[in-house]
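A.B. asks: sharing a sequence plus its predicted fold:
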Amino acid sequence: MLNYVRFTVIGAALALGACKEDDGKGSGTNATNPSTNPTNDATEGDTSTGGGTSDGTTSTNPVTTTAPNPTTTEDSATSVGPDTTDGSFITPPDGGGGVKECDVWTQDCPSGQKCMPWADNGASSWNATKCSPIDANPGKEGDPCTVEGSAVSGVDTCDIGLLCWYFDENNNGSCIDMCKGTPDTPSCDMGQTCDVSNDGVLILCLETCDPLIQSCPAGQICFFDGLDQFICDFDASGDMGAYGDPCAYINVCDYGLYCATPESVPGCDNADGCCSSYCNVQEPNTCPGMADGQECVPWYTEGMAPPGQENIGACAIPA
């Protein structure tokens, strides 16, 4: 799932999304051409952020980062509302199942080390955990930071309980909080939500957002966490991510778009899905594929939308 403890998605959202639960978020390294990242059957994954991810940019015309093509495998947040009933959104290239040497919740590593998410399979999506050394002068929340080696190396300059996120092409980013508490009772600061993704190895405190307003910080996009909220995380689309482009991760579609099932997008021939638009169900149909049968379909099943989200929809071809 995307954010939260993305292990099971509340069947409130429609099955519009295409990404699987274990797909989660990617580092962006290979996200510009997600179809080249083989996605195996995902097990229950996270939906949290994107990969999630709170790079947060606030702008109606956010700047897309071309950084390490982050491909976040949210435990269940890789697709849009639809198809999220299994709680998976983004599926790691190898289907997940990396080795978890430590617990990111309890931080049970030896003194001087911290439990970190990383990719133990050489791919571009976090799928495992390991104990990494704490920097001699570790960064605090909001401080600038650097990820050593690859974007998914699991080694950065942030303090224990923090993760270097929203990094650019040079692996320079900002330290953000990992969730506190437990998978059953996660907690983050006010205005943030716990996004659990990538089979539970990514537990990030990310800002919530409205996909129709797109109020995230520049370089970030707003997408569904696989449960009941939309969150800000970094944009790993690179040169791809436009309407109709192939997608396999929750954070590889441009601002205002989501990764939808192939059947939802006219002309989509990618098995993992293609990018489609969010829309307002209370306004006239302006979906890009309306000439081919696309309609603005409610994101949530009737009566299941959280307060204030009743007008959120997704451009899709009704089943």
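C.D. replies: Structure's in. What do you need? A quick note: this is a predicted structure, and the numbers were derived from the prediction, not measured.

A.B. asks: so who does the residue lying closest to Trp126 once chain neighbours are set aside touch?
C.D. replies: Nearest residue to Trp126, sequence neighbours excluded (CB to CB, 6 or more residues apart in numbering): Pro117, at 4.2 Å. The C-beta positions use only the backbone N, C-alpha and C, and glycine is treated the same way. For Pro117, the contacting residues are 104, 126, 128-129, 152, 154, 163, 198, 201-202, by CB atoms under 8 Å, 6 or more residues apart in numbering.

A.B. asks: tell me which of those residues fall in helices.
C.D. replies: Per DSSP state H, helices hold no members of the contacts of Pro117.

A.B. asks: from these, which land in strands?
C.D. replies: Judged by DSSP state E, strands contain the following of these: 128-129, 163, 202.

A.B. asks: compare the residues you listed and tell me which is most surrounded.
C.D. replies: Leu202 (36 neighbours; other CB atoms under 10 Å).

A.B. asks: hmm, back to that, partner strands of the helix or strand harbouring the residue nearest to Trp126, with direction?
C.D. replies: In the assignment (DSSP states H and E), Pro117 maps to strand 113-118. Strand 113-118 sits in its sheet next to strand 128-133 (antiparallel), going by DSSP bridges.

A.B. asks: if we can go back for a sec, next, format the contacts of Pro117 as CSV and append pLDDT.
C.D. replies: CSV is the format used below for those (pLDDT from 0 to 100):
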residue, pLDDT
Val104, 98
Trp126, 92
Ala128, 96
Thr129, 97
Val152, 94
Gly154, 97
Leu163, 97
Asn198, 89
Val201, 95
Leu202, 94
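
A.B. asks: which one of the residues you listed is nearest Gly142?
C.D. replies: Nearest to Gly142, judged by CB to CB, of these is Leu163 at 12.6 Å.

A.B. asks: count of residues packed around the nearest residue in space to that closest one that is not next to it in sequence?
C.D. replies: Nearest residue to Leu163, sequence neighbours excluded (CB to CB, 6+ apart): Met178, at 5.5 Å. For Met178, the count of nearby residues is 24 (other CB under 10 Å).
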